[in-house]
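S.K.: sequence plus predicted model, see below.
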Amino acid sequence: DEIRRFLQGALDDNFEITENMIVAPAARFGDLTTAIFTASGDHAMASTKGVIGFCGCIHYPIRFIRKYYENDPLVGLREGDGFLFNDPFYGGMHPPDQSSFMPVFHEGELIAWVCCGLHQGEDGAKEPGGMGPAMESPYDEGLKMPPIKVGEQYKLRTDILTFLQNSTGDPRMLGADTRFGAQLDSLA
């Protein structure tokens with residue numbers, strides 16, 4: 001019970017830190033969550049605040065990474081790696097909802113995953129915020145990312161961040177929030 005209360009407090013604190021420091025308008029008003037998943041990708045615990053729906057979809061990319069990337073010599077799965085995704089084909093709700101997550105290791109063994117999911121204000125869609133009546137096809141929806149490795153050794157990969165920023169209408173917003181999400185996950 002003591003460990004559970006400590007973890008719940010940490011998730012709620014991370015939620016409040018994110019809500020106060022993130023740039024995306026929807027996330028600043030609570031369209032986000034922070035959560036912990038087991039090593040296999042089962043949902044273990046989430047912040048008591050925010051949108052629980054983010055937790056309902058993160059298990060898909062975690063399982064995808066475990067199945068396809070973990071033993072891939074070019075991608076792999078190591079301590080300090082960070083991943084990002086938003087593609088509904090891989091379990092996301094819709095492209096504006098982006099989730100960053102990373103594995104947690106103890107003495108070389110994968111024991112959990114930590115994540116932060118939020119509504120990103122800019123994803124390169126036809127309409128600001130990634131939603132709107134003028135969007136008529138999937139090509140209007142903006143950037144759709146399968147689970148991709150965006151960080152190694154607790155640092156963001158500059159090449160991936162530059163690509164993501166160049167794929168949106170507001171590169172500063174996406175860059176600031178992606179950098180913050182990576183730092184938040186590394187604290188957990």
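M.R.: Arrived safely, thanks for sending. Residues are numbered from 1 along each chain as shown.
S.K.: distance between the longest helix along the chain and the chain's centre?
M.R.: Across the chain, the longest stretch assigned as helix under DSSP state H is helix 2-21. Distance, stretch centre to chain centre, for helix 2-21: 16 Å (C-alpha atoms, centre = their mean, to the nearest Å).
S.K.: Ala44: what's it in contact with?
M.R.: Listed by C-beta atoms under 8 Å, 6 or more residues apart in numbering, the contact partners of Ala44 are Ala35, Ile36, Phe37, Thr38, Ala112. All C-beta atoms are positioned from the backbone trio N, CA, C, and that covers glycine.
S.K.: ok, Arg171 touching Gln165?
M.R.: Arg isn't right for residue 171; it's Pro. Yes: with contact defined as C-beta atoms under 8 Å, Pro171 and Gln165 form a contacting pair (3.6 Å).
S.K.: what helix or strand is Phe83 on?
M.R.: strand 82-85 (DSSP states H and E).
S.K.: mind checking pLDDT for Cys113?
M.R.: That one is not Cys; residue 113 is Trp. With respect to pLDDT, Trp113 has a value of 97.
S.K.: what's the neighbour count on the residue lying closest to it once chain neighbours are set aside?
M.R.: Leaving out its chain neighbours, the residue that sits closest to Trp113 by C-beta to C-beta, 6 or more residues apart in numbering is Phe37, at 4.2 Å. Residues near Phe37, counting by other C-beta atoms under 10 Å, number 23.
S.K.: distance check, Phe37 against Met93.
M.R.: Note on Phe37: its distance to Met93, by C-beta to C-beta, to the nearest Å, is 17 Å.
S.K.: rewinding a little: the residue nearest to Trp113 touches Ile62, doesn't it?
M.R.: Yes: applying C-beta under 8 Å as the test, Phe37 and Ile62 come out as touching, 5.9 Å apart.
S.K.: who touches both of those two?
M.R.: Contacts common to Phe37 and Ile62, judged by C-beta under 8 Å, 6+ apart, are Phe101, Trp113.
S.K.: so where's this protein uncertain?
M.R.: Within the chain, the stretches falling below the threshold (pLDDT under 70) are 129-130, 180-188.
S.K.: and the helices in it?
M.R.: Using DSSP H, the helices of the chain run over 2-21, 25-28, 55-64, 158-166, 171-187.
S.K.: right, and these - which one's nearest Phe85?
M.R.: Within the helices of the chain, the stretch nearest Phe85 is helix 55-64; the backing value is 4.7 Å (C-beta to C-beta).
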